[in-house]
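Asker: Predicted model, plus sequence, below.
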Amino acid sequence: MKRWQAIAPLAVLAVLGALGAAQLMRPSDESFVSKSDREAPDRVFPLLDRESGSISFAPPPSDAPVMVNLFASWCAPCRAEHGDITNIAEAFPDQVYGLAYKDAPDATLGFLAELGNPFTKIGVDRDGQGGLDFGLTGVPETFVISPEGKIILHVRGPLDEKRREEVKAALAG
């Protein structure tokens, strides 16, 4: 067998690997923010504040669109986006909800005591099944839900200025 015949498959694999790596390093914004028209999960979450209440987002607890942010105290990007969530909560009072994902309640309460609590109410998803029902790929993620209970916007990853403005536009209707 000639040497070039042995090297050719390796060269093809190297080129394909380089193209794949380049694509992963520069994903388009559309891969992180998506418009959606699917139902919010029909799941009831206990409240974080240890009251006997619960919360569900299908339909949401408001006649206006609501934002649900899935976060955790152990998540560094969640800490980084907290200012953006506070900004949205100030602009849209009573429309911003949190869902503590796979987090111990005391850790979540400590996180919020340190950074402030911008959420109207916070549900608890200890086992992570609620996040999976939403379509979570990893915290943080933000969902905007219409008054009819449809997910109209899904933001993967931490909010930044551009994504924050997209969420505000969706909340404004």
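Answerer: Happy to help now that I have it. Since this is a predicted model, take the numbers as computed values, not measurements.

Asker: Give me the spatial nearest neighbour of the residue nearest the centre of the chain, chain neighbours excluded.
Answerer: Most central in the chain under Cα atoms, centre = their mean is Glu141, positioned 0.8 Å from the mean C-alpha point. Nearest residue to Glu141 in three dimensions, chain neighbours excluded: Leu70, at 5.0 Å (Cβ to Cβ, 6 or more residues apart in numbering). Placement of C-beta: from N, CA and C, glycine included.

Asker: Quick one: residues contacting that neighbour.
Answerer: For Leu70, the contacting residues are 98-99, 101, 125, 131, 134, 136, 139-143, taking Cβ atoms under 8 Å, 6 or more residues apart in numbering as the criterion.

Asker: Go through these and flag which are in strands.
Answerer: The members of these that map onto strands under DSSP state E are 98-99, 101, 125, 141-143.

Asker: any chance of the residues you listed in CSV, with pLDDT too?
Answerer: Shown next, in CSV, are the ones in strands among the contacts of Leu70 (pLDDT from 0 to 100):
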residue, pLDDT
Gly98, 97
Leu99, 97
Tyr101, 97
Asp125, 96
Glu141, 97
Thr142, 97
Phe143, 97
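
Asker: circling back: out of the contacts of Leu70, which is nearest to Leu112?
Answerer: Proximity of the contacts of Leu70 to Leu112 was ranked by Cβ to Cβ; the top entry is Gly98 with 8.4 Å.
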